[in-house]
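*Asks:* With the input below, show me the fold.
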Amino acid sequence: MSHLKIGWAGLGNMGTPMVTNLVKAGFKVKVYNRTAAKAKALQEKLGVDVARSPKHLVEDVDMVITMLTDDAALKEVYEGPEGILSVTLPPNMLAIDMSTVSPDTTRQLAALCEAEGIWYMDAPVSGSVKPAEEGQLVIMAGGRPEDFERARPIFNVLGKASYLLGDNGAGNYAKLAINTFLGITLQGLSEAVIFAKNNGVSPEQLLPLINDGPLASVVTRSKSQNIINHDFTPSFPLGLLAKDIRLAKAQGMDTPAVNTLSTTLQDALAKGLGASDMMAIYQFLEQEYTI
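*Replies:* So this is what the prediction gives:
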């Protein structure tokens, strides 16, 4: 299936390694990025074609994939003056969005695409930069079963598993649920480490106990060195986690843990930590609660 021609919009921390894996797997890829220098760099490295705008991105492709920061960026790529929907599209073309956005945005764009004779699928991913580089993402999709099958060769390159969860928006709901759990996990880990440190047990002592015990997870293991080294170089920025929690709350998530997490993240943003790694939630709480 590597004869498929893919248009790809979005070359951030996730999009770039994902495109790299598709090219290595033999797919022909054309890219668009708002910061043109990133697209040019990838062209020089991989030989991908570069589109001048989203409307040029969809010329002579079988499907278009977006991996963008937020709802506003996604809507601009589709509905802007030079957007995907500003031109006549090939019949039955498949549009896949792998960003983390609102289910409402997905359903709106799906309806607009269907009116133009093309099909839309939400397919956000679980996993950060390293799994993206290794093709080990988990993909959660919402859309038609036949479109999921059309996308399967792509998903098999990008991820270790992919799931069709329901109609448009289902993938978004699953992703928001997962990122809510992720944020609550980070806050719980941070509070546990701070409590222990305040009582004479250092992070260097406590974290191996957590990671060797029944509460260990990929998250606790991968974020332990961030805490120990006070290194909050972004893999997944705290600001994006805060955005995802806002989206979850807008969809009706109104429970005690998520409300506490939301307050913590908003306070951390006010302290200027939005561009730091999401584990900077520890940095914020440490400043507030260290004795």
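
*Asks:* which intervals of the protein have sub-threshold pLDDT?
*Replies:* Across the chain, the ranges flagged by pLDDT under 70 are 1-2.

*Asks:* again, 90 this time
*Replies:* 1-4, 128, 291 (pLDDT under 90).

*Asks:* quick one, helices of it?
*Replies:* Here the chain has its helices, by DSSP state H, at 15-24, 36-46, 54-57, 71-79, 103-115, 129-134, 145-158, 170-198, 203-211, 218-229, 238-250, 256-270, 280-289.

*Asks:* between these, which one is nearest to P91?
*Replies:* With Cβ to Cβ as the measure, helix 103-115 is the member of these nearest P91 (11.9 Å). Every C-beta, even on glycine, is put in place using the N, C-alpha and C of the backbone.

*Asks:* Alpha carbons only: can I get the closest one in PDB?
*Replies:* Output of helix 103-115 as PDB, limited to C-alpha atoms (Å, rounded to 0.1, in the frame of the first residue of the first chain):
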ATOM      1  CA  PRO A 103     -15.100  16.500  19.500                       C
ATOM      2  CA  ASP A 104     -17.300  19.400  18.600                       C
ATOM      3  CA  THR A 105     -14.600  20.700  16.100                       C
ATOM      4  CA  THR A 106     -14.300  17.200  14.700                       C
ATOM      5  CA  ARG A 107     -18.000  16.800  14.100                       C
ATOM      6  CA  GLN A 108     -18.200  20.300  12.500                       C
ATOM      7  CA  LEU A 109     -15.300  19.600  10.100                       C
ATOM      8  CA  ALA A 110     -16.600  16.100   9.300                       C
ATOM      9  CA  ALA A 111     -19.900  17.600   8.200                       C
ATOM     10  CA  LEU A 112     -18.200  20.200   6.100                       C
ATOM     11  CA  CYS A 113     -16.000  17.500   4.500                       C
ATOM     12  CA  GLU A 114     -19.000  15.200   3.800                       C
ATOM     13  CA  ALA A 115     -20.700  18.100   2.100                       C
END
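
*Asks:* for it, packing partners?
*Replies:* Here helix 103-115 touches helix 71-79, strand 94-97, strand 119-122, helix 170-198, going by 3 or more Cβ pairs under 8 Å, 6 or more residues apart in numbering; DSSP states H and E.

*Asks:* With distance to S217 and mean neighbour count as extra columns, can I get those in JSON lines?
*Replies:* Below are those laid out as JSON lines (distance: least, Cβ to Cβ, whole Å; neighbours: other Cβ atoms under 10 Å):
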{"stretch": "helix 71-79", "distance to S217": "29", "mean neighbour count": "18"}
{"stretch": "strand 94-97", "distance to S217": "28", "mean neighbour count": "27"}
{"stretch": "strand 119-122", "distance to S217": "26", "mean neighbour count": "25"}
{"stretch": "helix 170-198", "distance to S217": "7", "mean neighbour count": "20"}
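
*Asks:* got a markdown table for the ones you listed, with distance to G239 too?
*Replies:* Shown next, in a markdown table, are the helices and strands packed on helix 103-115 (distance: least, Cβ to Cβ, whole Å):
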| stretch | distance to G239 |
| --- | --- |
| helix 71-79 | 14 |
| strand 94-97 | 20 |
| strand 119-122 | 22 |
| helix 170-198 | 12 |
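
*Asks:* what's the closest of these to E288?
*Replies:* With respect to E288, and counting by Cβ to Cβ, the nearest of those is helix 170-198 at 9.0 Å.
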